[in-house]
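[1] my questions concern the predicted model and sequence given below.
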Amino acid sequence: MALYIKKGRVIDPANDVDRISDLKIENGQIVGHALALAEEATKDDVVIDAEGKLVIPGLIDLHCHLREPGGEAKETIATGTRAAARGGFTAVAAMANTTPVCDSQSGVEFLLKRSKETGLVRVYPIGAITKGLQGQELAEMADMASCGAIAFSDDGKTVARSDIMRRALQYSQMCERLIICHCEDDDLVHEGVMNEGYWSTLLGLKGIPTVAEDIIVARDIMLAEATGASIHIAHVSTAGAVEIIKQARARGVDVTGEVCPHHLALTDAAVEGFNSATKVNPPLRTEKDRQALKKGLRDGTLTILATDHAPHTTEEKAREYAYTPFGISGLETAWPIYWRELIEDKVLTVNEMVAALTVHPAARCNLPGGTLAVGAPADITIIDPQREETVTLDGWASQGKNTPFLGWKLRSWPIYTLVGGRIVMKNREIVDEL
Ligand SMILES: NC(=O)N[C@@H](CC(=O)O)C(=O)O
Ligand SMILES: [Zn+2]
């Protein structure tokens, strides 16, 4: 049996393809592209009509929190990967801040095994940089790399000690893996819960200054430069960080940066009303920062889009603003939010936006996928750019209902997700034959 995707606008930035074409999929692989190829389909084959739709490589998220093991009340690999499928993602990289922390070979092996058993999309483990995310002793980086960790990060926490970070960068080169930096100076964050500025003053909430991020971005870049290592800055949120990354890239430092949907769509003004779904790390910043992120994407300083999907329980998110945990459940609304902020606002072309969600993240971590080339695994997303939907929790797959976008009317939604040729989401609903 073959599967055909008929008459879609096929966009494959990795191969400079943007044309109306049919795709043929067999045995989990893309086996052909051509106009009218679907005419050869027999009645045993499946044909998806994609006229007026975008047919793109499956989205790849380099930053998400699946919470398993230890945080199953917030999310599991099963529910998190279903949220991914609903959002058009065919692969997600899972951060190490679970309980226990993913800081050893057994942690990586657990994640891979569990994902195989219960995951609906591909899951790539990210190993911790330091044991227990404690920032004192390096984790077993080489062991983790050898059994499948694609990168290293203490995300959720900054590696505070510069000597440890320097050593980690040296080891990362031997392991040929990227270090992903969560950049916040803990002493400057202190007990802050939102961006420091006009709104934190008005609302009487403790602020987190932008320099808390800038200072560690600068430090990590200097350490990467000194060691010759490659780094990736997670959830860039400040104008200062964009500028520092831009200068470093101009000098030839191997640094990339990612942007999250909420930092593009919202500012700290959204905290008015104390909606706990607006509490996130790093915090929502000012309009100036938001515009700087867009400019950084436009001029190529920032090349990757990631969700930082950080689900929490409804009970935790019902706490008072100061006490509720940081995090936004982002997988299911990422694409239409990016579309609104980057396409409708004319920041990127559709091809550029697709690249930032496919070929760029894949290339950065040497992952398979991110392309629609013949012979590639059939990880494919189909987008209906005309579809309008209001964000509700109907059909929401993530256990984390903590979204600040409830009630937003958004255009352009994923309508099919295929992983290895298998349809896992169809017409906005999960197809689950596990
Ligand atoms: N982004 C967040 O607000 N929270 C993340 C941690 C992180 O990515 O820093 C989490 O694990 O909850
Ligand atoms: Zn983080």
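    Happy to help now that I have it. Residues are numbered from 1 along each chain as shown. Ligands and ions are numbered 1, 2, ... in the order given.
[2] could you pull out the helices in the stretch 301-434 of the chain for me?
    Listed from the start of the chain, the stretch 301-434 of the chain has helices (DSSP state H, counting those that start in this stretch) covering 314-317, 334-338, 350-357, 359-364.
[3] right, and residue 10 touches residue 30 too?
    No: under the contact definition of CB atoms under 8 Å, residue 10 does not touch residue 30, with a separation of 10.2 Å. Just so you know, the C-beta spots here come from the backbone N, C-alpha and C atoms, and that holds for glycine as well.
[4] now list whatever residues contact both of these two.
    Counting by CB atoms under 8 Å, 6 or more residues apart in numbering, the residues touching both residue 10 and residue 30 are 23, 372.
[5] give me whichever of the helices of the stretch 301-434 of the chain is most buried.
    Greatest average neighbour count among the helices of the stretch 301-434 of the chain goes to helix 334-338 (a mean of 26), per mean count of other CB atoms under 10 Å.
[6] can I get the biggest helix by length in the chain in PDB, CA atoms only?
    Longest helix of the chain, by residue count under DSSP state H: helix 211-227. Once side chains and other backbone atoms are set aside, the C-alpha atoms of helix 211-227 remain, and they are given as PDB (Å, rounded to 0.1, in the frame of the first residue of the first chain):
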ATOM      1  CA  VAL A 211      20.700  41.900  32.200                       C
ATOM      2  CA  ALA A 212      20.300  38.600  34.200                       C
ATOM      3  CA  GLU A 213      20.000  37.000  30.700                       C
ATOM      4  CA  ASP A 214      22.500  39.200  28.800                       C
ATOM      5  CA  ILE A 215      25.300  38.600  31.200                       C
ATOM      6  CA  ILE A 216      25.200  34.800  31.000                       C
ATOM      7  CA  VAL A 217      24.700  34.900  27.200                       C
ATOM      8  CA  ALA A 218      27.900  36.900  27.000                       C
ATOM      9  CA  ARG A 219      29.700  34.700  29.400                       C
ATOM     10  CA  ASP A 220      28.700  31.500  27.600                       C
ATOM     11  CA  ILE A 221      29.700  32.900  24.300                       C
ATOM     12  CA  MET A 222      33.100  34.000  25.700                       C
ATOM     13  CA  LEU A 223      33.600  30.400  27.000                       C
ATOM     14  CA  ALA A 224      32.600  28.900  23.700                       C
ATOM     15  CA  GLU A 225      35.000  31.200  21.900                       C
ATOM     16  CA  ALA A 226      37.800  30.400  24.300                       C
ATOM     17  CA  THR A 227      37.300  26.600  24.000                       C
END
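[7] do it and ligand 2 meet at all?
    No: counting by CB under 5 Å from the ion, no contacts exist between helix 211-227 and ligand 2, the nearest distance being 10.6 Å.
[8] and stretch 54-63, by the same measure?
    No: contact check for stretch 54-63 against ligand 2, using CB under 5 Å from the ion: none in range, with a minimum separation of 7.5 Å.
[9] what mean pLDDT does that stretch get?
    Averaging pLDDT along stretch 54-63 gives 98.
[10] hang on, the earlier thing: how about the helices of the stretch 301-434 of the chain, which one is nearest residue 200?
    Distances from residue 200 to each of those were compared using CB to CB; the minimum, 19.8 Å, belongs to helix 314-317.
[11] list the contacts of that closest one.
    Helix 314-317 is contacted from outside by 74, 276-277, 324-325, 401-402, using CB under 8 Å, 6+ apart.
[12] at 6 Å instead, please
    Helix 314-317 is contacted from outside by 276, 324-325, 401-402, using CB atoms under 6 Å, 6 or more residues apart in numbering.
[13] dump those residues into TSV; add neighbour count, distance to residue 269 and pLDDT as well.
    Below are these laid out as TSV (neighbours: other CB atoms under 10 Å; distance: CB to CB, whole Å; pLDDT from 0 to 100):
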residue	neighbour count	distance to residue 269	pLDDT
276	22	16	98
324	21	19	98
325	16	22	98
401	15	23	98
402	27	19	98
